[in-house]
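> sequence unknown, structure follows:
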């Protein structure tokens, strides 16, 4: 038995390779997966835009000798994101973990910029 990247059973059956799934079900899976792929691409592009902005913040902080981290802002952002997650019916704990991961990466970038080993304009 094999498993595809998306976790579905990838067994080849007598039906031409769709694992015995009804064609209408397969079509709906394909449609939904296409939407997921588009959303994933949008998430990546949005993260890239976010990191472009945070790089500018890091450059500004380094130029003015400000600390790479801003715990008060981070706390406000976590509270804000948890509320947005609740309103969107997304697990707030998951949203917080995701934001903490992103914040840690941003701070790492800011530290690199402040050390002079990061990108400069």
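Happy to help now that I have it. None of the values given here were measured: they were computed from a predicted structure. Numbering: from 1, shown residues only.
> Confirm that residue 68 sits in a strand.
No - according to DSSP: H, G, I helix; E, B strand; the rest coil, residue 68 belongs to no strand; its state is coil.
> Quick check: closest non-adjacent residue to it.
Distance criterion Cβ to Cβ, 6 or more residues apart in numbering; nearest residue to residue 68, sequence neighbours excluded, is residue 110 at 3.5 Å. From N, CA and C alone the C-beta is placed, and that goes for glycine too.
> phi, psi of residue 68?
phi -60, psi -30 (degrees, to the nearest 10).
> ok, it touching residue 61?
Yes - in this structure, residue 68 is within contact of residue 61 by Cβ atoms under 8 Å, at 6.4 Å.
> Mind checking what helix or strand follows the helix or strand encompassing residue 55 in sequence?
Per DSSP states H and E, residue 55 falls inside helix 23-63. Next along the chain after helix 23-63, taking DSSP H and E as the criterion, comes helix 71-87.
> and that next one, how far out from the chain's middle?
The chain centroid and the centroid of helix 71-87 are separated by 16 Å, computed with Cα atoms, centre = their mean, to the nearest Å.
> picking up where we left off before, now do whichever strand or helix holds the residue nearest to residue 68: everything it contacts.
Assigned by DSSP H and E, residue 110 belongs to helix 92-114. With contact meaning Cβ atoms under 8 Å, 6 or more residues apart in numbering, helix 92-114 is reached by 47, 50-51, 54-55, 57-59, 61-62, 68-69, 74, 77-78, 81-86, 118-120.
> Report the buried members of those residues.
Buried residues within these, defined by neighbour count using 16 or more other Cβ atoms under 10 Å: 54-55, 57-59, 61-62, 68, 74, 77-78, 81-82, 85, 118.
> And the helix holding residue 110, what's buried?
Buried residues in helix 92-114, counted by 16+ other Cβ under 10 Å: 92, 95-96, 99, 102-103, 106-107, 109-111, 113-114.
> Please identify which of these is nearest to residue 40.
residue 102 (16.1 Å; Cβ to Cβ).
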